[in-house]
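Asks: With the sequence up front, the predicted model follows.
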There are 2 protein chains.
Amino acid sequence: MAARVIESIAQLRGAVAAARQQGLSIGFVPTMGALHAGHGSLIETARRGCGFLVISIFVNPLQFDRKDDLEKYPRALDADLELCSRLGADVVFAPSVAEMYPAPQVCTIHAGSVATHLCGRYRPGHFDGVATVVMKLFQIVIADRAYFGEKDAQQLAIIRHLVRDFNVPVAIQGVATVREPDGLAMSSRNARLNSAERQLAPALYRILRDAERLIAAGAGDPSAVKREAARLLPSDPALRLEYLEIVDPEDIQPVERIDGPVLVAGALWVGSTRLIDNVRVVTK
Amino acid sequence: MAARVIESIAQLRGAVAAARQQGLSIGFVPTMGALHAGHGSLIETARRGCGFLVISIFVNPLQFDRKDDLEKYPRALDADLELCSRLGADVVFAPSVAEMYPAPQVCTIHAGSVATHLCGRYRPGHFDGVATVVMKLFQIVIADRAYFGEKDAQQLAIIRHLVRDFNVPVAIQGVATVREPDGLAMSSRNARLNSAERQLAPALYRILRDAERLIAAGAGDPSAVKREAARLLPSDPALRLEYLEIVDPEDIQPVERIDGPVLVAGALWVGSTRLIDNVRVVTK
């Protein structure tokens, strides 16, 4: 059955309230569209975990630190709706920018210390924008459970803090990253890669896996691990490693010694496309 | 009947959910305690407007820019509970600081441009702290309607922005300032005034009323109005006018000409106590 497409906040609230009235639990998958198999996995997980499934598709201007990135961000609404319907979504909430931001946003979320490293360091205001729109969506959809991909590990950590710090009555569930056969993490931005760039793109995951291997073998000094792993990056003018960091998975602060669970995260420019990925490493 | 006192977030949620289950609408009056007749009016208004009334009493450390102000802030829980019961509150939610902030608050609200003038200019971080705790309380209590005093006009404007900007499903109702016979606005801080200071304190309202009179008589230049009104302040070493401003009542930005509704707001130090007050003036 085709998912019902709703553009208005008032109608979305009505649909969710009606489902809740029927005793259904509400699941929510917020997305920016251009859905891929990673989203598919999120949606399938959500579908199994709730009675009524809402997927939002909204490219949030507030979280883009660069105008060209917002303009170039891939959009594919028809294919997205088809996938959502096929995977059993009840409602696709696809509001306009005017519906979400009828006036300039005066009050915003400041994501704080959890946003100061990794991507937060290179994308000023990005996570404040993410946290702000997610808080808005949580007030609009009022779900029992919301699902976020582990590929965006810092975003997931921020959402967990947001929900805990503001006592938002929603449970947050992370869903494992889905990868191409060569290891490249699924991302809407992969659509921008030309074929040469696509060949180079898995280098990021290979570096992360190498860092994981070093840590598993007992390496405890993050600087040494990063240095050795980064050495594996092919020397190609199209590639530029923006960061490779080893941080605490909860508060996203760099660790001085690796003696507990860590997140190894990186951002790699491939031509004019910026890709991110991470692995979580649990040491004994 | 005595109001039920609840200290835990989980129990509060349970009580509100049970009331909602019974079909009662939920009214909410957030306070910092040390309740006076102004709060009494808030509570009475709320009582008439809802089926189940929750009053919170929580002195929020996050909104105090000065440690001594937090320490000196009057506390009177027994008398507060008595008043809440007498005025018909169903629940008094009185959480500890540890219950509200079990860990450092990482994500916070940034109140933005609406907090840059008036008190926001003199109390750095104050309104971010107010907006943050109010957002938390809105997620915990989940009321249909929440009530705030017009005495704290900038706070009320910020809460209205907060709710609108984040689509929080709660209606905000302002309640008129209650005054002593000599015009002094009711405030928990009045309890700190000695008798000489208490005599001086109504000067603030007199200045505001004078500004109102000048505007009603056709004055359009805010600087001239402020200058002339401030001249009425008794020259007493205990008095220091922190600000007297004429702003737009919605976005709290100074107006260049008075040609629509304005808020005339002031802050006056009386000895070591800081008092605020305002009047809303509607011109033809």
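Replies: That came through, no problem. Numbering: from 1, shown residues only, chains lettered A, B, ... in the order given.

Asks: make it CA atoms for all contacts and neighbour counts henceforth
Replies: Fine.

Asks: now the helices for the stretch 51-200 of chain A?
Replies: A:67-72, A:77-86, A:97-100, A:119-122, A:126-141, A:153-165, A:195-200 (DSSP state H, counting those that start in this stretch).

Asks: For the stretch 151-284 of chain A, which residue gets nearest to chain B?
Replies: Going by Cα to the nearest Cα, chain B is nearest to A:Phe166 of the stretch 151-284 of chain A, at 4.6 Å.

Asks: okay, now the closest residue to that residue other than its chain neighbours: neighbour count?
Replies: Using Cα to Cα, 6 or more residues apart in numbering or on different chains and skipping residues adjacent in sequence, the residue nearest A:Phe166 is B:Lys136, 4.6 Å away. Residues lying near B:Lys136 (other Cα atoms under 10 Å in any protein chain shown) number 20.

Asks: Kindly report the same for A:Val133.
Replies: 24.

Asks: Count the neighbours of the closest residue to it other than its chain neighbours for me.
Replies: Nearest residue to A:Val133, sequence neighbours excluded (Cα to Cα, 6+ apart): A:Asn60, at 7.1 Å. When counting by other Cα under 10 Å, one arrives at 19 neighbours for A:Asn60.

Asks: near chain B, which residues of the stretch 151-284 of chain A show up?
Replies: Neighbours of chain B within the stretch 151-284 of chain A, by Cα under 8 Å from any Cα of the partner chain: A:His161, A:Leu162, A:Asp165, A:Phe166, A:Asn167, A:Val168, A:Pro169.

Asks: hang on, the earlier thing: same list, the helices of the stretch 51-200 of chain A, but as JSON lines with distance to A:Glu180 and mean pLDDT please.
Replies: Shown next, in JSON lines, are these (distance: least, Cα to Cα, whole Å; pLDDT from 0 to 100):
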{"stretch": "helix A:67-72", "distance to A:Glu180": "23", "mean pLDDT": "92"}
{"stretch": "helix A:77-86", "distance to A:Glu180": "18", "mean pLDDT": "97"}
{"stretch": "helix A:97-100", "distance to A:Glu180": "32", "mean pLDDT": "98"}
{"stretch": "helix A:119-122", "distance to A:Glu180": "23", "mean pLDDT": "96"}
{"stretch": "helix A:126-141", "distance to A:Glu180": "26", "mean pLDDT": "98"}
{"stretch": "helix A:153-165", "distance to A:Glu180": "18", "mean pLDDT": "98"}
{"stretch": "helix A:195-200", "distance to A:Glu180": "11", "mean pLDDT": "98"}
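
Asks: List just the one of those helices that sits closest to A:Gln11.
Replies: Among these, helix A:126-141 comes nearest to A:Gln11, with 10.2 Å by Cα to Cα.

Asks: Dump the C-alpha coordinates for that closest one into PDB.
Replies: C-alpha atoms of helix A:126-141 as PDB (Å, rounded to 0.1, in the frame of the first residue of the first chain):
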ATOM      1  CA  HIS A 126      26.100  22.200  11.300                       C
ATOM      2  CA  PHE A 127      25.200  20.200  14.400                       C
ATOM      3  CA  ASP A 128      23.300  23.100  16.000                       C
ATOM      4  CA  GLY A 129      21.200  23.100  12.800                       C
ATOM      5  CA  VAL A 130      20.800  19.300  13.000                       C
ATOM      6  CA  ALA A 131      19.800  19.400  16.700                       C
ATOM      7  CA  THR A 132      17.400  22.200  16.100                       C
ATOM      8  CA  VAL A 133      15.500  20.500  13.200                       C
ATOM      9  CA  VAL A 134      15.500  17.200  15.000                       C
ATOM     10  CA  MET A 135      14.100  18.900  18.100                       C
ATOM     11  CA  LYS A 136      11.400  20.500  15.900                       C
ATOM     12  CA  LEU A 137      10.600  17.100  14.300                       C
ATOM     13  CA  PHE A 138      10.400  15.400  17.700                       C
ATOM     14  CA  GLN A 139       7.800  18.000  18.800                       C
ATOM     15  CA  ILE A 140       5.800  17.600  15.500                       C
ATOM     16  CA  VAL A 141       5.900  13.800  15.200                       C
END
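
Asks: Now for the residue of the stretch 151-284 of chain A closest to chain B, how many residues are close by?
Replies: Counted with other Cα under 10 Å, A:Phe166 comes out at 25.

Asks: and the gap between it and A:Met135?
Replies: Counting by Cα to Cα, to the nearest Å, the separation of A:Phe166 from A:Met135 is 9 Å.

Asks: A:Ala219 too?
Replies: The value you get for A:Ala219 to A:Met135, if Cα to Cα is used, is 39 Å.

Asks: Pick out whichever of these two has more residues nearby.
Replies: Neighbour count, other Cα under 10 Å: between A:Ala219 and A:Met135, A:Met135 has more, with 22 against 16.

Asks: returning to what we had before: could I get the residues of the stretch 151-284 of chain A next to chain B as a markdown table with distance to A:Glu99?
Replies: Output for these, formatted as a markdown table (distance: Cα to Cα, whole Å):
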| residue | distance to A:Glu99 |
| --- | --- |
| A:His161 | 26 |
| A:Leu162 | 23 |
| A:Asp165 | 27 |
| A:Phe166 | 24 |
| A:Asn167 | 26 |
| A:Val168 | 22 |
| A:Pro169 | 24 |
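
Asks: related to what we said a few turns ago, pretty sure the residue of the stretch 151-284 of chain A closest to chain B is touching B:Val134, no?
Replies: No - look at A:Phe166 against B:Val134 with Cα atoms under 8 Å: they stay out of range, at 9.3 Å.

Asks: Tell me the spacing between the residue lying closest to A:Val5 once chain neighbours are set aside and chain B.
Replies: Of all residues not flanking A:Val5 in the chain, A:Val92 sits nearest, at 4.8 Å (Cα to Cα, 6+ apart). Counting by Cα to the nearest Cα, to the nearest Å, the gap from A:Val92 to chain B is 19 Å.

Asks: Quick check: pLDDT value at A:Val92.
Replies: A:Val92 carries a pLDDT value of 98.

Asks: so how many other residues sit close to it?
Replies: 25.

Asks: just A:Ala18 next, same as before
Replies: 12.

Asks: for it, helix, strand, or coil?
Replies: helix (DSSP: H, G, I helix; E, B strand; the rest coil).

Asks: now it: how far from chain B?
Replies: 15 Å.

Asks: ok, back up a step: could you list every residue that touches the residue nearest to A:Phe166?
Replies: Going by Cα atoms under 8 Å, 6 or more residues apart in numbering or on different chains, B:Lys136 touches A:Asp165, A:Phe166, A:Asn167, A:Val168.

Asks: I'd like to know how far the first one sits from B:Val133.
Replies: Going back to what we said before, that points to A:Asp165. Distance from A:Asp165 to B:Val133, by Cα to Cα: 10 Å.

Asks: Return the residues in contact with the residue nearest to A:Val5.
Replies: Taking Cα under 8 Å, 6+ apart, we find A:Val92 in contact with A:Ala3, A:Arg4, A:Val5, A:Ile6, A:Val54, A:Ile55, A:Ser56, A:Ile57, A:Leu81, A:Cys84.

Asks: do A:Ala89 as well
Replies: A:Ala3, A:Ile43, A:Arg47, A:Phe52, A:Leu53, A:Val54, A:Ile55.

Asks: Tally up the residues packed near the first one, please.
Replies: Translated: A:Ala3. Neighbours around A:Ala3, by other Cα under 10 Å: 21.

Asks: cool, and the third one?
Replies: With neighbours defined by other Cα under 10 Å, the count for A:Arg47 comes to 21.

Asks: residues in contact with it?
Replies: A:Gly27, A:Leu53, A:Leu87, A:Gly88, A:Ala89.

Asks: pLDDT-wise, which helix or strand of chain A ranks last?
Replies: Least confident helix or strand, chain A: helix A:67-72 with a mean of 92, by mean pLDDT, DSSP states H and E.

Asks: Show residues contacting that one.
Replies: Defining contact as Cα under 8 Å, 6+ apart, one finds that helix A:67-72 is touched by A:Pro61, A:Phe64.

Asks: Now it - C-alpha only, CSV.
Replies: In CSV, the C-alpha atoms belonging to helix A:67-72 read as follows (Å, rounded to 0.1, in the frame of the first residue of the first chain):
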residue,chain,number,x,y,z
LYS,A,67,25.4,27.1,0.3
ASP,A,68,26.8,25.0,-2.6
ASP,A,69,26.5,21.9,-0.5
LEU,A,70,22.8,22.6,0.1
GLU,A,71,22.2,23.3,-3.6
LYS,A,72,24.1,20.2,-4.7
